[in-house]
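**Student:** how would this look folded up:
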Amino acid sequence: MTHTPSDQQVGSTVTFGLLAAWALHDAEELATVRRSLRRHVPVLRERFPQVPEAVWRRLESVDTREFAVAVGLVGTLVAAASAAGRATGGRSAVYQTTLNAFGLHGLVHLAQAAAVRGHTPGSATSPVVVVPFTLWARARLRRAGVLRPTRPRDLALGLALAGGAALASHAAAHRLLGGRSAT
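**Tutor:** Purely as a prediction, here's the structure:
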């Protein structure tokens, strides 16, 4: 029996692969965030004096427990999107939007590394895990005939969702930990 592209389903490697790629990437972020902030905030503060002092103070006081809880909360969202992708053979708009946001998030990490002229949390896995996985998964979705058209506004939405998820997860983590700060 021959399959037309619209008959084909994508499997767990494409859908739950997003969760696996995300986990590898965020493990790097967790392992390097504190050291990286200590090293780069003073340099960036000098380079970008127009940034409000409150921003620099917040970055210097990142609570690693809060960061870990925030990562876990985002992981829940990525797991749900991956499950939606698997349940729909990759057709889920939630899955595809999350996949696109993940890839764009990787590009943001590369831009951050360029801005500091060195490693930043997430910049090691972005070029070897995040971006390649996203491109590979999108190609598999395209071959299966289920990739939704991506317009510039979709990319903007993906970036906004990724940023919103990051901010919301950190706010929720801060609240869950009772606002305690222990780096």
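**Student:** contacts for the stretch of helix or strand Ala81 belongs to next, please.
**Tutor:** Here Ala81 is covered by helix 64-87, with elements defined by DSSP states H and E. Helix 64-87 has contacts (CB atoms under 8 Å, 6 or more residues apart in numbering) with 10-12, 14-19, 22-23, 26, 29-30, 33-34, 91-92, 94-99, 102, 165-166, 168-170, 172-174, 176-177, 181-183. Heads up, the C-betas are built off the backbone N, CA and C, glycines and all.
**Student:** let's see that with 7 Å instead.
**Tutor:** For helix 64-87, contacts defined as CB atoms under 7 Å, 6 or more residues apart in numbering pick out 12, 15-16, 18-19, 22, 26, 29-30, 33-34, 92, 94-95, 98, 165-166, 169-170, 172-174, 176-177, 182-183.
**Student:** now do that helix: distance to the chain's middle.
**Tutor:** Distance of helix 64-87 from the chain centroid (CA atoms, centre = their mean, to the nearest Å) equals 10 Å.
**Student:** just the buried residues of that helix, please?
**Tutor:** 66-71, 73-74, 77-78, 81-86 (16 or more other CB atoms under 10 Å).
**Student:** for the record, mean pLDDT for it?
**Tutor:** In this model, helix 64-87 has a mean pLDDT of 94.
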